[in-house]
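In: predicted coordinates and the sequence they were generated for:
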Amino acid sequence: MLEGIARYLHDKGIVTFDPDGITGDVFIEAMPDTPSSAVALMSTGGPEEPNIRYPFDTRSFQVLVRGGADPRPAKTRAEAIYNALQGLTGVTLDDGTYVVGIGAIQPGPIRVGQDQNNRHRFSLNFWARVRAYTEHRQ
């Protein structure tokens with residue numbers, strides 16, 4: 001799911017996704033030291049165990065946005081990610097994940113301080129109701 005979200009944000013022009021993880025500025029399950037301006041998508045589990053009565057799983061994930069010494073560009077980017085994902089419904093991501101719905105856990109980006117290199121960071125947390133299309137579910 002996270003790679004699909006990275007590709008979705010790339011298509012919106014908010015991040016630069018490299019499927020090989022060598023270049024670009026969005027990363028899955030990690031936040032490397034470079035580049036300075038970067039976005040990390042990290043799974044955080046889910047609020048509940050899967051219920052077989054529903055054709056979807058509810059997962060949660062965190063988006064960590066890092067910028068430079070000026071907090072404004074990182075906050076602007078975090079707001080763009082919030083606007084792109086909050087309320088997203090009925091979309092099949094490039095990785096085959098069908099998004100029933102995505103919602104924010106808090107209303108907008110939260111400043112989480114600076115890292116050891118004085119780069120400002122903002123966090124967003126979302127829940128996602130998703131279904132992966134596989135042959136046995138058709």
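Out: Yes, it's here.

In: check contacts around Trp70.
Out: Careful, residue 70 is Asp; it's not Trp. Asp70 makes contact with His120 under the criterion C-beta atoms under 8 Å, 6 or more residues apart in numbering. Where you see a C-beta, it was placed from the backbone N, CA and C, and this is true even at glycine.

In: change it to 10 Å
Out: Contact analysis of Asp70 by C-beta atoms under 10 Å, 6 or more residues apart in numbering lists 119-120.

In: poorly predicted segments of this structure, please.
Out: Counting by pLDDT under 70, the ranges of the chain that qualify are 46-55, 132-138.

In: buried residues in stretch 14-21, which are they?
Out: If you call a residue buried by 16 or more other C-beta atoms under 10 Å, then stretch 14-21 has these buried ones: 14-15, 17.

In: nearest to Ile102, of those?
Out: Ile14 (14.6 Å; C-beta to C-beta).

In: quick check, that closest one in contact with Val26.
Out: Yes - here Ile14 reaches Val26: they are 8.5 Å apart, a contact under C-beta atoms under 10 Å.

In: shared neighbours, the two?
Out: When C-beta under 10 Å, 6+ apart defines a contact, the residues bordering Ile14 and Val26 alike are 39, 65, 81.

In: in helices only, show me these.
Out: Among the shared contacts of Ile14 and Val26, the residues falling in helices (DSSP state H) are Ile81.

In: want to throw the shared contacts of Ile14 and Val26 into CSV with distance to Val100 and neighbour count?
Out: Output for the shared contacts of Ile14 and Val26, formatted as CSV (distance: C-beta to C-beta, whole Å; neighbours: other C-beta atoms under 10 Å):
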residue, distance to Val100, neighbour count
Val39, 24, 26
Val65, 25, 29
Ile81, 20, 23
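
In: and which of the shared contacts of Ile14 and Val26 is nearest Phe122?
Out: For these, the residue nearest Phe122 by C-beta to C-beta is Val65; the value is 4.7 Å.

In: biggest strand in the protein by residues?
Out: In the chain, with assignment by DSSP state E, the single longest strand is strand 120-132.

In: strand partners (parallel or antiparallel) of that strand?
Out: As defined by DSSP bridges, the strand partners of strand 120-132 come to strand 57-66 (antiparallel), strand 97-104 (antiparallel), strand 110-114 (antiparallel).

In: that's all I had, so thanks and see you.
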